[in-house]
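Asks: Make a model of this:
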Amino acid sequence: MKVFGKQVFVFVASIFGVAAIAADFDGSEPLMCSFGQVLECDAGSDCRAVTNESVDAPDFIKLDFRRNQLVSLTAGEESSADDMSVVDTTTYLVVQGVQGVGEGVVSTLGWSLSIDQANGQMVAAGAGENAGFIIFGACTPI
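Replies: Okay, the predicted model is just below:
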């Protein structure tokens, strides 16, 4: 099932052995994120581990807080979603948005991700077309 394809967030960038500082994950600087584990859940059935390729997810996403934009980055391709909302809870940075809205759009995906401000670990969820996705990953400042 290719629900969120090139539209979505998506997320596990390596921390490269550098100790994370909370200020790095407070929404003041852009972040690069990628997937670690992706779970796909269909309505009325169990969840299963899948590859990001099997659900047409991007390799990396960039969260650009100054432009209020999520940019999906896949080898040779780039797409973006504008107008994300960001909430700093002091322990987590919560980012939410909707992708695939507009005339002629085949699928729409609502998404939310939480980034641990202590270490950059991320959990994301996306929902659309009778399916949901849970993604575990990490982010790093860029």
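
Asks: what's stretch 90-97 in contact with?
Replies: Contact with stretch 90-97 is made by 9, 25-27, 63, 70, 81, 83-88, 110-118, as judged by Cβ atoms under 8 Å, 6 or more residues apart in numbering. From N, CA and C alone the C-beta is placed, and that goes for glycine too.

Asks: Quick check: PyMOL command selecting the buried ones in these.
Replies: Remark: buried members of the contacts of stretch 90-97, expressed as a PyMOL selection using 16 or more other Cβ atoms under 10 Å:
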select buried, resi 9+25+27+63+70+81+84+110+111+112+113+114+115+116+117
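
Asks: Got the phi and psi for Met125?
Replies: Heads up, residue 125 is Ala, not Met. Ala125 adopts backbone torsions of phi -140, psi 140, taken as degrees, to the nearest 10.

Asks: Make sure it is actually in contact with Ser112.
Replies: Yes. Between Ala125 and Ser112 there is a contact under Cβ atoms under 8 Å: 5.4 Å.
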